[in-house]
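*Asks:* Here you go, sequence then predicted model.
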Amino acid sequence: MIKVGDKAPDFHLPASGGKTVSLHDYKGKKIILYFYPKDMTSGCTREACAFQEALPVLSRRKTVVIGVSADSAVSHDKFSQKNNLRFILASDGQKETAKAYGVWKEKSMYGRKYFGIERTTFILDEDGVVRYIFPKVKVDGHVQELLKVL
């Protein structure tokens, strides 16, 4: 399990816009790395739109946003286009990155157990060190909470 003060595990994932994303690409910038369950769902859409709204402030603070889910890059492209998102969404189809960050967990809904991504946000400093972890994120007010610690 990753802890505050740990070096964040790097990854190389396909991303929206036909790109590949790696933490190494953003050395020297703060990174908000957020894991979310599924494109096009109500909570994930509200969360992504809140990040999009905050992008001007985050940009001034030299902070980039990377969202990660197990959805495909094609799904991410549709999600980005539909919601006019201007930050990277990475596709972790093999769930290796989610597992490395400890966010691939057993979940339960309506008495049914299954595995999925637990909504979690990591703030990484300019050297890729984890400075904050927000587990089991509640979408409403989350981005404002992040802005307070940046």
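*Replies:* In hand now; what should we look at?

*Asks:* The residue lying closest to K27 once chain neighbours are set aside - how many residues pack around it?
*Replies:* Among residues not flanking K27 along the chain, G128 sits closest, at 6.8 Å (CB to CB, 6 or more residues apart in numbering). Every C-beta, even on glycine, is put in place using the N, C-alpha and C of the backbone. Applying other CB atoms under 10 Å, we find 18 residues neighbouring G128.

*Asks:* Then V137?
*Replies:* By other CB under 10 Å, 20 other residues sit near V137.

*Asks:* That one: what secondary structure?
*Replies:* Three-state assignment for V137 (DSSP: H, G, I helix; E, B strand; the rest coil): coil.

*Asks:* And the average pLDDT for stretch 137-150 is what?
*Replies:* Across stretch 137-150, pLDDT averages out at 95.

*Asks:* in that stretch, what counts as buried?
*Replies:* 137, 139, 142-143, 146 (16 or more other CB atoms under 10 Å).

*Asks:* H76 contacts S16, correct?
*Replies:* Yes. In this structure H76 lies within contact range of S16 using CB atoms under 8 Å: 4.1 Å.

*Asks:* joint contacts of the two?
*Replies:* By CB atoms under 8 Å, 6 or more residues apart in numbering, H76 and S16 have these common neighbours: 89-90.

*Asks:* Report the contact partners of the closest residue to F79 other than its chain neighbours.
*Replies:* Spatial nearest neighbour of F79, chain neighbours left out: D39 (3.9 Å); criterion: CB to CB, 6+ apart. By CB under 8 Å, 6+ apart, D39 lies in contact with 69, 71, 75-76, 78-79, 89.

*Asks:* Buried ones only from the residues you listed, please, as a PyMOL command.
*Replies:* The buried residues among the contacts of D39 can be selected in PyMOL (16+ other CB under 10 Å) with this line:
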select buried, resi 69+71+75+76+79+89
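
*Asks:* Can you flag which of the contacts of D39 belong to strands?
*Replies:* Among these, the ones falling in strands (DSSP state E) are 69, 89.

*Asks:* nearest to L58, of the contacts of D39?
*Replies:* Within those, the smallest distance to L58 is 15.6 Å, found for L89 (CB to CB).

*Asks:* Now do the same for the closest one: its pLDDT.
*Replies:* For L89, the model assigns a pLDDT of 97.

*Asks:* Quick check, it in contact with P14.
*Replies:* No. Applying CB under 8 Å, one finds L89 not in contact with P14, separated by 10.0 Å.
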